[in-house]
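K.L.:
Output the structure for:
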Amino acid sequence: DTSVDLVVRRDGEEQSFTVQRRQIHVPTVAGKMVDGTDVGYIRVAVFSDGTADDFTKEFTKLCEQGMNKLILDLRDNPGGIVEQAVGVASNFVPPNSTIVSYTEQDGKVDQYTAQGTDDPIPIVVLVNENSASASEIVAGAVQDMKLGPIVGVKTYGKGTVQGVFPVDSASAVKVTVAKYRTTNGREIDGVGIEPDVVVPLTPSDPEDSQFEKALEIIQEK
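P.N.:
Numbers count the residues shown, from 1 in each chain. Next up is the predicted model:
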């Protein structure tokens with residue numbers, strides 16, 4: 001809530017601006033009902049602070065609008081905070097589901113368990129070659145639990161855990177300390193998630209064939 005004066009040189013001229021310092025919340029979740037259907041569409045751009053709460057609010061809102069089926073779009077989602085991914089998954093996985101696990105160097109196994117729901121709805125998950133890390137964890141959980149098909153192309157394959165260890169007051173070293181495993185124990189690092197239905201898509205395609213395929217599949221459920 002403090003202010004800073006900035007001078008910006010633009011097109012050879014200087015302009016002055018006073019900007020107030022504030023926390024910036026970048027929306028990571030967007031959703032809508034697919035016109036003329038009972039299908040909801042929710043896209044998650046990244047798993048950052050607040051994503052799980054934002055997803056739950058959007059999920060609840062769409063349910064109130066008549067959503068009985070869900071298309072979850074994780075394309076181009078680079079991942080983020082694992083706990084947020086688990087919170088998102090709680091909206092559509094069975095109660096007390098293990099979403100991801102990893103083994104530490106001392107042999108201790110850590111598991112992330114979702115609270116889950118007793119009333120899951122049919123789901124299709126969209127992924128592409130840029131879906132990585134936490135987004136692969138969610139897609140892998142849906143696939144392992146056979147909650148719905150994964151549509152798109154093989155994901156990036158980033159499934160490692162990094163630890164940051166201080167060296168001195170000015171530096172630290174970041175080291176990979178573990179690999180994530182999906183619900184059924186699959187390691188995804190360097191492997192990725194293979195979709196159940198492969199649908200390639202290029203920027204020049206006139207329509208979103210991956211979304212259209214997901215919609216076709218979910219309407220049959």
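K.L.:
contacts, neighbours, all on C-alpha from now
P.N.:
Noted.
K.L.:
separation between residue 28 and residue 98?
P.N.:
Per CA to CA, to the nearest Å, residue 28 is found 24 Å from residue 98.
K.L.:
now residue 11
P.N.:
56 Å.
K.L.:
Residue 120 too?
P.N.:
Residue 120 is 16 Å from residue 98, where distance means CA to CA.
K.L.:
Pick out whichever of those two has more residues nearby.
P.N.:
Neighbour totals were compared for residue 120 and residue 98, and residue 98 leads with 20 against 16 (other CA atoms under 10 Å).
K.L.:
need the contact list for the more buried one.
P.N.:
By CA atoms under 8 Å, 6 or more residues apart in numbering, residue 98 lies in contact with 111, 112, 113, 114, 183.
K.L.:
mind redoing it with 6 Å?
P.N.:
By CA atoms under 6 Å, 6 or more residues apart in numbering, the contact set of residue 98 is 112, 113, 183.
K.L.:
Which one of the residues you listed sits in the busiest neighbourhood?
P.N.:
Using other CA under 10 Å as the neighbour test, the contacts of residue 98 are led by residue 183, with 23 neighbours.
K.L.:
Please identify the helix or strand for that one.
P.N.:
Here residue 183 sits in a region with no helix or strand, counting by DSSP states H and E.
K.L.:
the strands in the protein, which residues?
P.N.:
3-10, 13-20, 29-33, 39-44, 69-73, 97-103, 109-114, 123-127, 150-152, 160-168, 171-179, 197-198 (DSSP state E).
K.L.:
Format those as CSV; extra columns: mean pLDDT.
P.N.:
Output for the strands of the chain, formatted as CSV (pLDDT from 0 to 100):
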stretch, mean pLDDT
strand 3-10, 96
strand 13-20, 96
strand 29-33, 98
strand 39-44, 98
strand 69-73, 98
strand 97-103, 92
strand 109-114, 93
strand 123-127, 98
strand 150-152, 98
strand 160-168, 89
strand 171-179, 90
strand 197-198, 98
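K.L.:
Noted, bye for now.
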